[in-house]
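Q: Okay, predicted coordinates and the sequence, questions at the end:
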Amino acid sequence: MPKEVAAKANPELVEQKIEPSIEELISRRAYELYEQRGCAHGNHVEDWLQAEAEVKAQFTAKDDTAQK
């Protein structure tokens, strides 16, 4: 649905910003890693695990900073 149609149907939908889930962030990062390797197949598990570690580290760093 285009933004214009959504705005007419429900203006609050256009203003609302939805944060991506942790799984979505991991998925995006894993895909970036896949692309960086030249889109070579066969390393999806390693890409996912690396992406998961990186994303979780980012959240941990944000939590540590917020608690100080």
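A: Good, I have the coordinates.
Q: Output the lowest mean pLDDT helix or strand found in the protein.
A: Across the helices and strands of the chain, mean confidence by mean pLDDT, DSSP states H and E is lowest for helix 3-9: a mean of 52.
Q: Show me the helices in this structure, by range?
A: Secondary structure of the chain (DSSP state H): helices at 3-9, 11-15, 22-36, 44-67.
Q: Tell me the spacing between Lys17 and Gly38.
A: According to CB to CB, to the nearest Å, Lys17 and Gly38 sit 34 Å apart. In short, each C-beta sits where N, CA and C put it, glycine included.
Q: One more: Glu19?
A: Applying CB to CB, the value for Glu19 to Gly38 is 31 Å.
Q: Over to Glu24?
A: According to CB to CB, Glu24 and Gly38 sit 24 Å apart.
Q: cool, Glu46 as well?
A: Per CB to CB, Glu46 is found 15 Å from Gly38.
Q: Next: Glu32.
A: In terms of CB to CB, Glu32 sits 13 Å off from Gly38.
Q: which one of the two has more residues nearby?
A: For Glu32 versus Gly38, the count of surrounding residues by other CB atoms under 10 Å is larger for Glu32: 13 against 6.
Q: who's in contact with the more buried one?
A: By CB atoms under 8 Å, 6 or more residues apart in numbering, the contact list for Glu32 reads Ala51.
Q: one more time with 10 Å, if that's ok
A: Applying CB atoms under 10 Å, 6 or more residues apart in numbering to Glu32 gives the contacts 47, 51, 54.
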